[in-house]
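Student: Curious how this folds, go ahead:
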Amino acid sequence: MADERREYLQATLPQYQSHKKVWAAKILRVIQGPEDMTGLICEDAAGREMPEISVTDEWYEDHMVLEGGYLVVYADGYESWSPKEAFEQGNTLLPQD
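Tutor: Numbering: from 1, shown residues only. So this is what the prediction gives:
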């Protein structure tokens, strides 16, 4: 069913190429925290583990986060999640200052 829907939408909707700059980090582990919070352990551009980033359980469940995907933050502050393959095919790491 999901494949049929994807094929239908890809045949029906106009196609776009993204050109946005985003901030993102690969999610290594998910930690269930206290009081409606979930912790994300991510890695930085050099592959080092970063301090825990907390998100609400609601955000975590709404975005169906899986380890290996990416936490993505847009310029307007919107936070999202992207599957690994989709993110890595559509984004290139910019030089870090």
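
Student: tell me the contacts of Y60?
Tutor: 30, 38 (C-beta atoms under 8 Å, 6 or more residues apart in numbering). All C-beta spots, glycine's among them, are computed from the backbone N, C-alpha and C.

Student: ok but it is inside a helix, no?
Tutor: Yes - under DSSP: H, G, I helix; E, B strand; the rest coil, Y60 sits within a helix.

Student: could we number from 25 for the rest of this?
Tutor: Let's use 25 as the start, then, which means that last one is Y84.

Student: Could you measure from it over to Y40?
Tutor: 27 Å (C-beta to C-beta, to the nearest Å).

Student: pLDDT averaged over the longest helix belonging to the chain - what is it?
Tutor: As assigned by DSSP state H, the longest helix anywhere in the chain is helix 26-36. Helix 26-36 carries an average pLDDT of 84.

Student: Could I have the CA atoms of that helix written out in PDB?
Tutor: Output in PDB follows, covering the C-alpha atoms of helix 26-36 (Å, rounded to 0.1, in the frame of the first residue of the first chain):
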ATOM      1  CA  ALA A  26       2.800   2.500   0.900                       C
ATOM      2  CA  ASP A  27       4.600   1.800  -2.400                       C
ATOM      3  CA  GLU A  28       1.400   2.400  -4.400                       C
ATOM      4  CA  ARG A  29       0.800   5.700  -2.600                       C
ATOM      5  CA  ARG A  30       4.400   6.800  -3.100                       C
ATOM      6  CA  GLU A  31       4.300   6.000  -6.800                       C
ATOM      7  CA  TYR A  32       0.900   7.800  -7.200                       C
ATOM      8  CA  LEU A  33       2.200  10.900  -5.400                       C
ATOM      9  CA  GLN A  34       5.500  11.000  -7.300                       C
ATOM     10  CA  ALA A  35       3.600  10.700 -10.600                       C
ATOM     11  CA  THR A  36       1.000  13.400  -9.600                       C
END
